[in-house]
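In: I'd like to go over a predicted model; first the sequence, then the structure.
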Amino acid sequence: VVSSDGREDIQLPDTGVQIDAGDTDPQITKTASVAEAREGDIYSYTINMKNGAGATATWKNIVVTDVIPDGLKLVAGTVTLNGKTVSYGISGQAIEVTAGDLQPNEEATIKFEVRVLGEAAGHTIKNVAVAKGDNGEKTGTDDGVKIPEPEKPGEDGEDVKTVTGSKTVDKTLANVGDKL
């Protein structure tokens with residue numbers, strides 16, 4: 001309402017107040033529990049997500065996708081969110097975990113285990129995770145896990161020994177039940 005002396009009050013329309021939805025501050029780190037592993041070893045990956053302290057809005061409906069690299073196999077039943085076993089989607093080597101919402105300065109952690117397969121030998125494996133929400137997305141990559149070639153006899157500097165043997169018997173003809 002606008003009013004002044006000697007004039008009639010005027011009612012102006014209310015256009016409301018526009019409030020900005022705010023900003024998220026998506027952060028993600030990806031780490032492996034080891035720097036080196038061999039065929040048959042099991043190790044874990046940890047994905048830490050945070051809606052940083054600079055956020056003014058909730059990071060909503062976060063889904064984390066992680067494509068397990070060739071040479072590794074997910075150990076079934078090891079996927080956790082904040083220490084609790086969770087269900088997850090899987091398609092080929094890709095796993096998908098619903099992490100939900102993160103308020104400003106709130107964190108969530110996903111962990112899972114993998115087994116090293118023989119085809120990984122001689123490679124350094126890097127793994128990437130993508131956390132994507134309705135209003136923010138971030139990618140995290142670990143430093144890599146080295147999978148050395150298996151050692152061959154004699155490669156470690158030790159002498160390779162050849163073992164031979166022979167066996168003789170005192171009979172040229174034997175029947176069932178005979179002791180030789």
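Out: Looks like it came in fine.

In: so where's this structure shaky on pLDDT?
Out: Low-confidence segments of the chain (pLDDT under 70): 1-2, 15-20, 153-163, 165-167, 169, 180.

In: show me where it has its strands.
Out: Under the criterion DSSP state E, the chain contains strands at 26-32, 42-51, 59-67, 72-74, 80-81, 84-85, 89-91, 94-102, 106-116, 123-125, 128-133, 136-141, 145-147.

In: so which of those strands comes closest to residue 8?
Out: Among those, the nearest to residue 8 by CB to CB is strand 59-67 (48.6 Å). (Glycine included, C-beta is placed from N, CA and C.)

In: what strands line up against that closest one, and which way round?
Out: strand 94-102 (antiparallel), strand 128-133 (antiparallel) (DSSP bridges).

In: taking the centroid of this protein, which residue is nearest it?
Out: The chain has residue 45 as the residue nearest its centroid, 4.8 Å off, counting by CA atoms, centre = their mean.

In: quick one: contacts for the closest residue to residue 109 other than its chain neighbours?
Out: Excluding its sequence neighbours, the residue lying closest to residue 109 (CB to CB, 6 or more residues apart in numbering) is residue 48, at 5.3 Å. Contacts for residue 48 (CB atoms under 8 Å, 6 or more residues apart in numbering) come out as 28-31, 107-109.

In: which of those residues sits closest to residue 89?
Out: Residue 89 has its nearest neighbour among the contacts of residue 48 in residue 108, at 17.2 Å by CB to CB.

In: what's the burial count for that closest one?
Out: By other CB atoms under 10 Å, the residues close to residue 108 number 20.

In: which ones are touching the nearest residue to residue 93 once chain neighbours are set aside?
Out: What sits nearest to residue 93 in space, not counting adjacent residues and going by CB to CB, 6+ apart, is residue 68, at 4.4 Å. Applying CB under 8 Å, 6+ apart to residue 68 gives the contacts 74, 93-95, 114, 127.

In: help me confirm that residue 138 comes into contact with residue 129.
Out: No. Counting by CB atoms under 8 Å, residue 138 stays clear of residue 129, with 9.1 Å between them.

In: which residues do those two both contact?
Out: residue 28.

In: more neighbours, the two?
Out: Using other CB under 10 Å, the more surrounded residue of residue 138 and residue 129 is residue 129, with 24 against 21.

In: distance of the more buried one from residue 152?
Out: 35 Å (CB to CB, to the nearest Å).

In: got it, and residue 73?
Out: From residue 73 to residue 152 the distance is 25 Å (CB to CB).

In: neighbour count: those two, which is higher?
Out: More crowded of residue 73 and residue 152, by other CB under 10 Å: residue 73, with 15 against 8.

In: spatially nearest residue to that one, not counting backbone neighbours?
Out: Spatially, and ignoring its direct neighbours in sequence, residue 73 is nearest to residue 115 (4.9 Å; CB to CB, 6+ apart).
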